[in-house]
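# got a sequence here, can you model it:
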Amino acid sequence: MSQRLMLYSDGGARGNPGPAAIAFVALSEQGETVKADAQFIGIHTNNQAEYRALLLGLEFARECRTKEVVCHLDSELVSKQINGEYTVRNSELHQLWRKVQDQKQFFKKIVFVSVSREHPQIQRADSLVNKTLDEQAFKLSTKRLTVADASNSKEENSLFVHASIRTSNMERSIDFYSKFLNLKLQSRREIKQTNAEIAFLQDAAGKGCTLELTFYRNQKKFLQPPYEERLFDHLAFSVVNIEKTISTMKNAGVTVTDEPFKINEQTTIAFIEDPDGTLIELIQKN
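Now for the predicted structure:
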């Protein structure tokens, strides 16, 4: 039994709500690691994940029969809600808040402390969260490939997995493809070797090809060449109502290079540009 535990918890969702994971690091009074654990929890918001990460850590503290626990949180909202400084208005968060309050009876002393995201142990928990999300994304990708392989009878058959484009602003690009083309963020990670970040997006049903966004932090020049000089031509997305989609995009300032036009009786297409000038074809099948 540990008399006193120092808990550092973190939770995160890719998409908010989106695929979420939680983690905690438990240290003894001497600063030794007693336990570090992480779990994938399905689709949740960031705040829900923060609460669930804390509850996972408190569950471990109870198993250890510790008498005192100091909980370190990097979410100012969650820490202030738990300490009574903020009112919990969201019904789902209130249920999680109540579960945290119920845990207090099992400890002689429990304290909730707000710390910065830069705290070494919070960074450690954050790494566990991202590792868990990356592993889950890999499992889903592997599962899709396995299903595809099972449907192929010849070894030489291949499967087109994803297309990669560069971005000069990762947050802006994720927002664009999520808002206008209904893609969901599947995974996101740092590539330290090239000082880059990559993000994978796909439709919610997981039926279409995956789009990989790549952001190189050291890239100083980011300029699309004239269309005639480009080697990469365009991406293509199917839409249900092309006129409505184009209208929404125009209102948001998206560049429309070609208005909707019919190429045959069943198909209408249009062309737009993403925030970095990548050409995108919109296709409506009647």
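# rest of the way, CA atoms for contacts and neighbours
Will do.
# which stretch of helix or strand covers Phe40?
Following DSSP states H and E, one finds Phe40 within strand 33-44.
# ok, residues contacting whatever helix or strand comes next after that strand?
Next helix or strand after strand 33-44 toward the C-terminus (DSSP H and E): helix 46-63. Helix 46-63 is contacted by residues 5, 7-13, 16-17, 20-26, 69, 71, 75, 78, 92-93, 96-97, 99-100, 103, 106-107 when judged by C-alpha atoms under 8 Å, 6 or more residues apart in numbering.
# check which residues of helix 46-63 are buried.
Neighbour-count burial for helix 46-63, counted by 16 or more other C-alpha atoms under 10 Å, picks out 46-58, 60-61.
# list just the nearest of those to His234.
His234 has its nearest neighbour among the buried residues of helix 46-63 in Asn46, at 33.6 Å by C-alpha to C-alpha.
# ends of stretch 163-170, what's the gap?
16 Å (C-alpha to C-alpha, to the nearest Å).
# just the buried residues of helix 46-63 now: which is nearest Ser247?
Distances from Ser247 to the buried residues of helix 46-63, taken by C-alpha to C-alpha, are shortest for Asn46, at 31.7 Å.
# can you give me the distance of the closest one to Ile22?
In terms of C-alpha to C-alpha, Asn46 sits 10 Å off from Ile22.
# between those two, which contacts overlap?
Common neighbours of Asn46 and Ile22 (criterion: C-alpha under 8 Å, 6+ apart): 11-12.
# now the helix or strand harbouring Asp258: buried residues?
Per DSSP H and E, Asp258 falls inside strand 256-262. For strand 256-262, the neighbour count (16+ other C-alpha under 10 Å) marks 256, 260 as buried.
# and stretch 259-276, by the same measure?
Buried residues in stretch 259-276 (16+ other C-alpha under 10 Å): 260, 268-276.
# what residues does that stretch touch?
Contacts for stretch 259-276 (C-alpha under 8 Å, 6+ apart): 167-168, 172-173, 176, 224, 242-243, 254-258, 279-286.
# out of those residues, which end up buried?
167-168, 173, 176, 242-243, 254-256, 279-284.
# partners of the next helix-or-strand element following the strand holding Asp258 in the sheet?
Using DSSP H and E, the helix or strand that follows strand 256-262 in sequence is strand 267-273. Here strand 267-273 has these sheet partners by DSSP bridges: strand 256-262 (antiparallel), strand 279-285 (antiparallel).
# how far off centre is strand 267-273?
Offset of strand 267-273 from its chain centre (C-alpha atoms, centre = their mean, to the nearest Å): 29 Å.
# same question for it, mean pLDDT?
Taken as a whole, strand 267-273 has an average pLDDT of 94.
# show me where the stretch 51-200 of the chain has helices.
76-82, 91-103, 120-151, 170-181 (DSSP state H, counting those that start in this stretch).
# tabulate those in CSV, adding columns for mean pLDDT.
What follows is the helices of the stretch 51-200 of the chain, written out as CSV (pLDDT from 0 to 100):
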stretch, mean pLDDT
helix 76-82, 95
helix 91-103, 95
helix 120-151, 78
helix 170-181, 95
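# please identify the buried residues of stretch 90-99?
Buried residues in stretch 90-99, counted by 16+ other C-alpha under 10 Å: 93, 96-97.
# which outside residues touch that stretch?
Stretch 90-99 has contacts (C-alpha under 8 Å, 6+ apart) with 47-48, 51-52, 55, 81-82, 88.
# max pairwise distance over the residues you listed: which two?
Distance extremes for those: the farthest pair is Leu55 and Val88 at 16.7 Å, using C-alpha to C-alpha.
# on that earlier part again, and the buried ones among the contacts of stretch 259-276, which is closest to Glu228?
Closest approach between the buried ones among the contacts of stretch 259-276 and Glu228, by C-alpha to C-alpha: Leu279, at 12.4 Å.
# who's the closest one bridged to?
As for beta bridges, Leu279 partners with Glu273 under DSSP bridges.
# can you pull the pLDDT of it?
pLDDT, Leu279: 94.
# for Gln186, what are its contacts?
Neighbouring residues of Gln186 by C-alpha under 8 Å, 6+ apart: 14-15, 19, 137, 199-202.
# try it again at 10 Å.
Listed by C-alpha atoms under 10 Å, 6 or more residues apart in numbering, the contact set of Gln186 reads 13-15, 18-19, 133-134, 136-138, 140-141, 199-204, 206, 210-212.
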